[in-house]
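S.K.: Structure, please.
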Amino acid sequence: GDGAFKEIVAMSNHEYDIDLLCKVTSSHYYYVTHKDTEKFLHLILHKKHHYKAVRSKNTRDQRWDFEDMCDVRFRVCKFRINPPGSDDEWEVLITNLDRNEYPLARMKEIYHLRWGIETSFRELKYDLSGIQFHSKKDQ
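M.R.: Numbers count the residues shown, from 1 in each chain. Model (predicted):
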């Protein structure tokens with residue numbers, strides 16, 4: 001399920017600073033039987049382990065299959081990243097930073113600081129003919 005992310009994508013072009021909660025399970029059965037009634041239910045997929053047919057009473061089953069929910073809360077901040085009058089460009093940040101310590105205005109400042117660093121780094125790469133620095137290959 002990607003309900004929470006659909007809700008983020010559907011946000012209108014206004015500033016937001018909202019909390020969202022996702023419910024997470026690793027039980028495929030729970031997911032299939034509850035996905036239509038639980039608004040933001042997500043299934044965590046994981047490798048199934050194969051176990052010996054015969055186990056001693058001391059062998060622990062360590063699969064992470066359970067039907068209990070794990071609530072994941074996060075904060076969604078949406079704001080304009082260019083001046084009004086030009087084409088609308090918006091940024092959405094998903095964070096767990098405290099709203100009192102990091103209000104929306106501060107989140108914008110931090111974002112713009114980060115953007116300046118990335119832009120400067122890109123320009124420096126081109127100026128130094130270091131365009132291949134982004135590659136994973138040694139060549």
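S.K.: Show me the shaky parts of this structure.
M.R.: Across the chain, the ranges flagged by pLDDT under 70 are 1-5, 45-68, 116, 127, 129-139.
S.K.: Go again with 50.
M.R.: Within the chain, the segments meeting pLDDT under 50 span 1, 50-54, 64-66.
S.K.: which residues in it form helices?
M.R.: 3-9, 28-34, 104-127 (DSSP state H).
S.K.: Could you pull out the buried residues of the longest one?
M.R.: Of the residues in helix 104-127, those with enough neighbours to count as buried (16 or more other Cβ atoms under 10 Å) are 104, 107-108. C-betas here are computed from N, CA, C, even on glycine.
S.K.: Save the residues you listed as JSON lines, and put in distance to residue 88 too.
M.R.: Output for the buried residues of helix 104-127, formatted as JSON lines (distance: Cβ to Cβ, whole Å):
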{"residue": "104", "distance to residue 88": "17"}
{"residue": "107", "distance to residue 88": "18"}
{"residue": "108", "distance to residue 88": "15"}
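S.K.: which one of those residues sits closest to residue 87?
M.R.: residue 108 (18.3 Å; Cβ to Cβ).
S.K.: tell me the contacts of the closest one?
M.R.: residue 79 (Cβ atoms under 8 Å, 6 or more residues apart in numbering).
S.K.: Likewise for residue 12?
M.R.: By Cβ under 8 Å, 6+ apart, the contact list for residue 12 is empty.
S.K.: How much space separates it from residue 88?
M.R.: According to Cβ to Cβ, to the nearest Å, residue 12 stands 11 Å off from residue 88.
S.K.: Quick check: residue 77 vs residue 97, distance?
M.R.: From residue 77 to residue 97 the distance is 9 Å (Cβ to Cβ).
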